[in-house]
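> Sequence and computational prediction follow.
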Amino acid sequence: QKRNRAITARRQHLKSVMLQIAATELEKEESRREAEKQNYLSEHCPPLHIPGSMSEVQELCKQLHAKIDAAEEEKYDMEVRVQKSSKELEDMNQKLFDLRGKFKRPPLRRVRMSADAMLKALLGSKHKVCMDLRANLKQVKKEDTEKERDLRDVGDWRKNIEEKSGMEGRKKMFESES
């Protein structure tokens, strides 16, 4: 038990040391990012000098508008390039699928449509199509089976018993069996 306690204590100590090292690394990373941000801003964004006269302020506004226009043009050009390259990638992927012979099937949505509406959509509104599936079926007469004939012939059970009672009924039974 003492050994187990020592092992668990050592594990806990190692975990705490690792957490401390990770926390210091995170702090260093954050300070490094902040320094990079400051360097970038100092290089690309010079400090703003606000002039005192109105004409100087107007000139400064014109310069800022010119910089904004240049940045917008660059942004638009990059967006067009990205769209063009993505379109090229899609075309190449399609050609690749065509060469392989495997076609990507689009996910199909379930559409509730009657047979008449489907034929009308396929053939167009010019052709009037009525899809009555039962109209094309044959009329089939039901053949009576022997059991059904017997049941129909038997009818009421009282009459059947009266007919078979006596010698005449038994004679009929023997005649019908042979």
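Nice, thanks for sending it over.

> Can you dump the C-alpha atoms of stretch 3-11 in PDB for me?
C-alpha atoms of stretch 3-11 as PDB (Å, rounded to 0.1, in the frame of the first residue of the first chain):
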ATOM      1  CA  ARG A   3       4.300   1.600  -2.600                       C
ATOM      2  CA  ASN A   4       1.000   2.300  -4.400                       C
ATOM      3  CA  ARG A   5       0.600   5.600  -2.500                       C
ATOM      4  CA  ALA A   6       4.100   6.600  -3.600                       C
ATOM      5  CA  ILE A   7       3.300   5.700  -7.200                       C
ATOM      6  CA  THR A   8       0.100   7.700  -7.200                       C
ATOM      7  CA  ALA A   9       1.800  10.700  -5.400                       C
ATOM      8  CA  ARG A  10       4.500  10.600  -8.100                       C
ATOM      9  CA  ARG A  11       1.900  10.500 -10.900                       C
END
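
> average model confidence for that stretch?
Across stretch 3-11, pLDDT averages out at 85.

> Use 8 as the first number for this chain going forward.
All right, first residue 8 from here; so that's stretch 10-18.

> Would you mind listing the outside residues contacting it?
The contact list for stretch 10-18, computed with Cβ atoms under 8 Å, 6 or more residues apart in numbering, is empty. From N, CA and C alone the C-beta is placed, and that goes for glycine too.

> And for stretch 98-116?
So stretch 98-116 is contacted by nothing (Cβ under 8 Å, 6+ apart).

> Between the two ends of it, what distance do you get?
In stretch 98-116, first residue to last residue: 25 Å (Cα to Cα, to the nearest Å).
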